[in-house]
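**Q** 3D model of this:
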Amino acid sequence: QAQLVESGGGLVQAGGSLRLSCAASGFTFTMHHVGWYRQAPGKEREFVAAIGRSGHIHTSYSDDVKGRFTISRDNAKNMVSLQMNSLKPEDTATYYCGADPERLWGPYEFWGQGTQVTVSS
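**A** Coordinates of the predicted model:
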């Protein structure tokens, strides 16, 4: 059974940093594109960042986070991370990781339960 479990969320002041992690199990991680979406209260879920599967390693970011966030994956550990720097109050949201064998930008076949990120001003 496929499973994605996020961790690393929390409360941080504006300008600070957080590192989110997502542990994958139950599917062939190397054959899946993985990425992060976020959803703020009252808003739709939106794409944040993604990284390609083995053989298609490239990254993609939304304009809102480009230059501040960095996505990476560790195929040996079946994990994907999102390093978030220079955080802004508007980055406050629940962050979800996802995985899909075909769609780099989602929507994804598998989703985690989410981790809350709150950025105070």
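
**Q** switch to C-alpha atoms for all contacts and neighbour counts from now on
**A** Will do.

**Q** and the strands in this structure, which stretches?
**A** Here the chain has its strands, by DSSP state E, at 3-7, 10-13, 18-25, 33-39, 46-51, 59-61, 69-74, 79-84, 93-100, 110-111, 115-120.

**Q** how about those strands in JSON lines, adding mean pLDDT and mean neighbour count?
**A** What follows is those, written out as JSON lines (pLDDT from 0 to 100; neighbours: other C-alpha atoms under 10 Å):
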{"stretch": "strand 3-7", "mean pLDDT": "98", "mean neighbour count": "19"}
{"stretch": "strand 10-13", "mean pLDDT": "98", "mean neighbour count": "15"}
{"stretch": "strand 18-25", "mean pLDDT": "98", "mean neighbour count": "20"}
{"stretch": "strand 33-39", "mean pLDDT": "98", "mean neighbour count": "26"}
{"stretch": "strand 46-51", "mean pLDDT": "98", "mean neighbour count": "23"}
{"stretch": "strand 59-61", "mean pLDDT": "95", "mean neighbour count": "18"}
{"stretch": "strand 69-74", "mean pLDDT": "96", "mean neighbour count": "19"}
{"stretch": "strand 79-84", "mean pLDDT": "98", "mean neighbour count": "20"}
{"stretch": "strand 93-100", "mean pLDDT": "98", "mean neighbour count": "25"}
{"stretch": "strand 110-111", "mean pLDDT": "98", "mean neighbour count": "20"}
{"stretch": "strand 115-120", "mean pLDDT": "98", "mean neighbour count": "20"}
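
**Q** grab the most central residue of this structure for me.
**A** With distances taken as C-alpha atoms, centre = their mean, the residue of the chain nearest its centroid is W36 (2.6 Å).

**Q** need the contact list for the closest residue to that residue other than its chain neighbours.
**A** Leaving out its chain neighbours, the residue that sits closest to W36 by C-alpha to C-alpha, 6 or more residues apart in numbering is C97, at 4.4 Å. Each residue near C97 by C-alpha atoms under 8 Å, 6 or more residues apart in numbering is listed here: 4, 6, 22, 34-37, 111-112, 114.
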